[in-house]
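>>> Pasting a predicted model and its sequence here:
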Number of protein chains: 2
Amino acid sequence: MNSGADIAAGRFAHHGGRLCVARTLFPDVPQPWIDLSTGINPSSYPAPRASARERNRLPEPTELAKLEVVAAMAFGIDDPARVVATGGTENALRLVPYLLKTAAAAIAGPTYGSHADAWLRAGVRTEIVADSDLDSRAAGSVAMTVVNPNNPDGRLLSQDRLQTLHDSLQANAGVLIVDEAFGELEPQHSVASLAGTNRAPRMIVLRSFGKFYGLAGVRLGFVIASPAIATQLRRLLGDWPVSADALRAGLAAYADEAWAEKTRARLHRAAQRLDKLLTGAGMTIVGGTSLYRLARAPNARARFTQLISHGILARPFDYDSTLLRFGLPLAANDWRRLADALKMQP
Amino acid sequence: MNSGADIAAGRFAHHGGRLCVARTLFPDVPQPWIDLSTGINPSSYPAPRASARERNRLPEPTELAKLEVVAAMAFGIDDPARVVATGGTENALRLVPYLLKTAAAAIAGPTYGSHADAWLRAGVRTEIVADSDLDSRAAGSVAMTVVNPNNPDGRLLSQDRLQTLHDSLQANAGVLIVDEAFGELEPQHSVASLAGTNRAPRMIVLRSFGKFYGLAGVRLGFVIASPAIATQLRRLLGDWPVSADALRAGLAAYADEAWAEKTRARLHRAAQRLDKLLTGAGMTIVGGTSLYRLARAPNARARFTQLISHGILARPFDYDSTLLRFGLPLAANDWRRLADALKMQP
């Protein structure tokens, strides 16, 4: 193991998308950088922009309500009162500990780091729990978070399993939070239509706009919860939680079922192509979704450094130095540069 | 007093900018509507937009840091660590009660309604205090909020008075929050450079982007506080509090001193012109800033209804039916329509 590679990898193990850091640390690698460190769709939805007039005024409550109606339909939810638009899921999940006053938090992991961070920062006792221990942990006043499909390994819990977890948490004044940041890729596994209904009153679902629609810079996300929790959250967010541009983009994107259908198929093909490249280079596919692939290799850290020397940023993990996550390249030239870089033995 | 006018006015007395409601309630008035119900600059900063690439990825921490540096310079603050960018001041002020754990809240008022609302929603004992009672109330563990210049009456407290209030609050484990939403209009009265320094460690200043720069739909605001409070707030906001578009707009606008200078002069002239129209129609100017004028007339509610019949939305207040607030018209034709409507005796 190359300790220089470990030090460099440490700078990129908290979140993806730290291209500025890569640029500063490694100014002399081939340009432009190819950022494969996130799970954001590189071919984003062709979203309209807010008009000059819409930027110039406060978004109106009726526009926000309309966005929540359109998003509810896309999520398969019959009552938009359960759907709360926010300025991104990250923003929302940081507020959740302040809404739910549970004694402890359990997070199915390893997973997206912000969940544990949010609970710890709020001063709540927090533990990362293996999937096999979720049922036993659900017998407590716990806010349990499951990312589904999981990031980075794509693990999916069934709707039945999530319902069982919810019921056992509910019996103990607990709450189940299901982060469906990549839910558009597996719509048949979504529990968004259940969250906050009589069947699952203590289930909360998080949805992200930026990932599947590829517009992470727009900052839009949703919390789906019981009307009581939804009302509390709306108060905490204030009257204008979402920008005019996010309103305009979300209204168009969530109404466009044809684009979503076509994009699911296109991303699926791209993920298969990426798997072929990675396995061809001697890596093993551990899992993922169509927006990112998790690969294992004993020399993953050296691989990470070698890719950087080709101007390609993958995503390492601090809890397992044999893993690398890869987002999808877009341009033909990016695919070629990745293929060339992977051909070299690190 | 016309009770129908009172009922209509009640729908517009919480916040300005409810043009959708006006459109629905009064579909047959002259079009287009002229919205004078807010204090947003109708001639907004010609801000660049985020590029397609910037919308497609997460904003980078370095870009957020750069925005905070540029905004700090515009606010006259020497250490950007005290400046926290947020997705609008409304968003930020709702979180403040969760950061500060004071026993009670006092708000210098009447003023912008969201302040009292935020504290009440957070379950804190909250009272509206007249300016003359601020000093006596500062002798308690109180989070005291002063909007300066005040909305709607433009009342200004001096820097010395605010420093004295802070010192007395600090001695009692209290906090002073100064909302400078319209601070760009009175830069010489800003206490932003003091907030969170050793001279005023328990002072927090809020700044809005949308008002003076006329880009309320972009959602951008700032909290200026001690490094300790700033760090807590950054954690509560998460890693991407601000959209790519807000970053791009804020970076350009806060660096453009020439535009700010010219705009202050232009708004000042427009406010004088508006005063002339309002006094010519028999109303008395009570106060305001260059972005809004507060006028009094015994028949203000009838005036409000009559303006609506001309397709013009002013801002009534539930605590005083003789007051109306007017934002600035922009186009020559809007000025003309307002002048014509005001000529009619209600």
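Nice, thanks for sending it over.
>>> what's the pLDDT at residue A:344?
We have a pLDDT of 88 for residue A:344.
>>> can you check residue A:16 too?
If you check residue A:16, the pLDDT there is 74.
>>> Run a quick neighbour tally on it.
Neighbourhood size, residue A:16 [other Cβ atoms under 10 Å in any protein chain shown]: 23. Using the backbone N, CA and C atoms, a C-beta is placed for each residue, glycine as well.
>>> Can you tell me how far it is from residue B:57?
As defined by Cβ to Cβ, to the nearest Å, residue A:16 lies at a distance of 10 Å from residue B:57.
>>> Find the residues that touch each one of those two.
A:35, A:38 (Cβ atoms under 8 Å, 6 or more residues apart in numbering or on different chains).
>>> In contact with the residue nearest to residue A:327 when sequence neighbours are not counted, which residues are there?
Of all residues not flanking residue A:327 in the chain, residue A:36 sits nearest, at 4.4 Å (Cβ to Cβ, 6 or more residues apart in numbering or on different chains). Residue A:36 makes contacts with A:312-315, A:326-329, A:338, as judged by Cβ under 8 Å, 6+ apart.
>>> let's see 6 Å
Residues near residue A:36 by Cβ atoms under 6 Å, 6 or more residues apart in numbering or on different chains: A:314, A:326-327.
>>> ditto for residue A:226
Neighbour list for residue A:226: A:196, A:201 [criterion: Cβ under 6 Å, 6+ apart].
>>> interface residues of the stretch 51-200 of chain A facing chain B?
Neighbours of chain B within the stretch 51-200 of chain A, by Cβ under 6 Å from any Cβ of the partner chain: A:54-60, A:62, A:87-88, A:90-91, A:94, A:98, A:121.
>>> Distance from the chain centre to the one helix or strand residue A:91 maps to, please.
In this structure, residue A:91 sits in helix A:89-99 according to DSSP states H and E. On the basis of Cα atoms, centre = their mean, to the nearest Å, helix A:89-99 sits 14 Å off its chain's mean C-alpha point.
>>> can you check stretch A:148-156 too?
With Cα atoms, centre = their mean, you get 10 Å for stretch A:148-156.
>>> mind checking pLDDT for the residue lying closest to residue A:220 once chain neighbours are set aside?
In space, and not counting its chain neighbours, residue A:220 is closest to residue A:209: 3.8 Å by Cβ to Cβ, 6+ apart. Turning to residue A:209, the model gives it a pLDDT of 98.
>>> can you give me the strands in the stretch 1-150 of chain A?
Here the stretch 1-150 of chain A has its strands, by DSSP state E, counting those that start in this stretch, at A:34-35, A:83-86, A:104-108, A:125-129, A:142-147.
>>> quick revisit: give the buried subset of the residues of the stretch 51-200 of chain A next to chain B as a PyMOL selection command.
Under the burial definition 16 or more other Cβ atoms under 10 Å in any protein chain shown, those of those that qualify are selected in PyMOL by:
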select buried, chain A and resi 54+55+56+57+58+59+60+87+88+90+91+94+98+121
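>>> and which of the residues of the stretch 51-200 of chain A next to chain B is nearest to residue A:256?
residue A:54 (19.5 Å; Cβ to Cβ).
>>> who's in contact with residue A:88?
For residue A:88, the contacting residues are A:219, A:221, B:240, by Cβ under 6 Å, 6+ apart.
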